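> Model the following, please.
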Amino acid sequence: MLTKRTLLRSAAMGALVATTVKLTRANAKSSADWPSLMEAKDIAEEGFIYGLPIVLNYGTMYEFAVDRKSGQFKAPFNQIKNLSHVSTYKDTAVVTPNSDTPYSILWVDLRAEPMVVSVPPVDPKRYYSVQLIDGNTFNYGYIGSRATGSGAGDYMVVGPEWKGVTPAGVKKVFQSTTQFSFVLFRTQLFDPGDIDNVMKVQAGYKAQPLSAYLKQPAPSAPPPVNFPKIDKKLAKMNFFAYLDFCLQFAPALESEKDIRAKLARIGIGPGKTFSFKDLPIEHKAEILVGMKQGERKIDEAVAKGGVSLNGWQVNSFFGDAQFYNGDWLKRAAGAQAGIYGNDSEEAVYPLTRVDDDGKPLDGSKHNYTLTFAADQLPPVNAFWSVTMYDGKTQLLIKNPVNRYLINSPMLPGMKKNADGSLTLYVQHKSPGAEKESNWLPAPNGPIYTVMRLYWPKTEAPSILPVGKGAWRPPGVHVA
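The predicted model follows:
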């Protein structure tokens, strides 16, 4: 799950008085052409829920691939940027950072032609995945250990309207529902000393236009795009303007036709040019109320999403267009909770802020243990980890042993109990030399812990289906 500081956390609050909602001249001329006040409110509410993931994605794309001065810029479109470092407490740009699988980042522009993504052979013992995420935040495909195996291969990523022939040598075609798309590579890191081996794998990741792959002349370049600048303040002020901009690159799916038609009634869609300030005051008020209600519903969906297992919250918020099937609230909850999360078949993320009695975890008040019974370690085909974060900031914790997680590759160096169980010591201060191999350093205050299960097993015992599987994570217990 690639989580970042929520761009639109207060998107429907007071700062939204300046929000831009596109409006046609015809609508401006006659109130009869505008929905009733309650209808407008409901459309704004639905539109905010529908549009939040799309605008969040645009904000990330703008920072990563458009604005070279953003401080988060990675590489221009159609170029891979390998992030070959281990996240530590010094990394503060992204909340809940993943220290298991260094990322490689690729944003693709599919307007002129497809892109061919190539992967090298990877040691079967090393998990890797390539997650394909479009501008609708649908996970429309995977390459990697689980999905395609560990062998080398060439794969083609195409835009929503592509209908060409699959070239010889291309193993599979993945079709994005939008013209711009995110390709997110994850490569397993066994331990900090393994980073050079990760970099060798990353060096084998390639991306090239189809014409270059076929050694043919390139088609005409697509027209330049005037990407509107976005940041937290602008997102609050211009939410629907950004949504309107993004929709031009996303042909409507069958499941979207209803919400798109509703949005058009308040001026959002092709050819709509007038702004929020042109609306009568009562229309402004209803739209702002609707957006605020949409935000409230998303927050509630995040809080209530998934199931509670021994104090761990486990959800399944992510998938392809068919997975959502028009459930825009589920999609918005996923984006709010942690945009770019994996399908549950690829990874499951139990998370907790409470102990097994439901009380808040706090390293300044208690020491804790997390004990996996003998033969009850997380059932995965790849690997699992437990990562510790500061409960206030969701960032990694500075600690004397520079240990931010415990994962399954560390098991040979850990000590098991006499009955074969494994106990992790979750506490602020060292549990002592005899137990330090099993120590997961905690903050001197509120605790937030995330378990990651990569490529979870499907045969029993399994955490799948989420909430119904036979395996459950053990609760965090006060020592």
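> Please read off the pLDDT at the residue nearest to Ile463 when sequence neighbours are not counted from the model.
Sequence neighbours aside, Gly469 is the residue nearest to Ile463 in space, at 4.6 Å (criterion: C-beta to C-beta, 6 or more residues apart in numbering). C-beta coordinates here come from the backbone N, C-alpha and C atoms, glycine included. Looking at Gly469, its pLDDT reads 94.
> One more: Leu210?
pLDDT for Leu210: 98.
> pretty sure it is in contact with Ala112, am I right?
No: the criterion here is C-beta atoms under 8 Å, and Leu210 misses it with Ala112 at 9.5 Å.
> The residue nearest the centre of the chain and Glu63: what is the separation?
A centroid search over the chain (C-alpha atoms, centre = their mean) returns Tyr340, at 1.8 Å, as the residue closest to the centre. To Glu63, Tyr340 is 13 Å away according to C-beta to C-beta, to the nearest Å.
> Please apply the same query to Gly445.
Separation of Gly445 from Glu63 (C-beta to C-beta) stands at 30 Å.
> Can you pick out the residue with more neighbours from those two?
Neighbours per residue (other C-beta atoms under 10 Å) separate Gly445 from Glu63, with Glu63 holding more: 19 against 15.
> Could you double-check that that one sits in contact with Leu56?
No: in this structure Glu63 lies outside contact range of Leu56 using C-beta under 8 Å: 11.2 Å.
> Now list whatever residues contact both of these two.
Here Glu63 and Leu56 share no contacting residue, scored by C-beta atoms under 8 Å, 6 or more residues apart in numbering.
> On the three-state scheme, Pro224 is what?
Here Pro224 is recorded as coil under DSSP: H, G, I helix; E, B strand; the rest coil.
> Got the confidence number for it?
Confidence score, pLDDT, at Pro224: 96.
> Same check on the one 5 residues further on?
What the model reports as pLDDT for Lys229 is 95.
> Just give me how far stretch 404-411 sits from the chain centre.
From the chain centre to the centre of stretch 404-411 is a distance of 23 Å (C-alpha atoms, centre = their mean, to the nearest Å).
> First residue to last residue on that stretch, what's the distance there?
In stretch 404-411, first residue to last residue: 15 Å (C-alpha to C-alpha, to the nearest Å).
> What residues sit buried inside it?
Neighbour counts over stretch 404-411 (16 or more other C-beta atoms under 10 Å) mark 404-410 as buried.
> Pick out the most distant pair among the residues you listed.
The span of the buried residues of stretch 404-411, defined through C-beta to C-beta, is set by Tyr404 and Ser408 at 15.3 Å.
> immediately after the strand or helix carrying Gln336, which helix or strand?
Secondary structure from DSSP states H and E places Gln336 in helix 328-338. Next in sequence after helix 328-338, counting helices and strands by DSSP H and E, comes strand 347-348.
> Helices of the protein, start to end?
Assigned by DSSP state H, the chain shows helices spanning 25-29, 37-61, 195-203, 210-213, 232-237, 239-247, 257-265, 281-304, 321-324, 328-338.
> My guess is Val348 contacts Val466. True?
Yes: assessed by C-beta under 8 Å, Val348 is found in contact with Val466 at 6.4 Å.
> quick one, which of these two is more surrounded?
Set Val348 next to Val466 and count neighbours by other C-beta under 10 Å: Val348 wins out with 27 against 18.
> Chain neighbours aside, what residue packs nearest to Ala212?
Spatially, and ignoring its direct neighbours in sequence, Ala212 is nearest to Ala218 (7.3 Å; C-beta to C-beta, 6+ apart).
> Contacts only, for Ile463.
By C-beta under 8 Å, 6+ apart, the contact list for Ile463 reads 314, 348, 350, 378-379, 453, 456, 469, 471-473.
> mind redoing it with 7 Å?
Counting by C-beta atoms under 7 Å, 6 or more residues apart in numbering, Ile463 touches 348, 379, 453, 456, 469, 471.
> The third one is in contact with Ala382, isn't it?
No: counting by C-beta atoms under 7 Å, no contact exists between Leu453 and Ala382, whose distance comes to 8.5 Å.
> Of the two, give the one with the bigger neighbour count.
More crowded of Leu453 and Ala382, by other C-beta under 10 Å: Leu453, with 27 against 24.
> Pop the domain breakdown of this protein in here.
Described in terms of the TED database, the domain architecture of the chain consists of the residue ranges 79-214, 344-478.
> Out of these, which is closest to Ile298?
domain 79-214 (13.4 Å).
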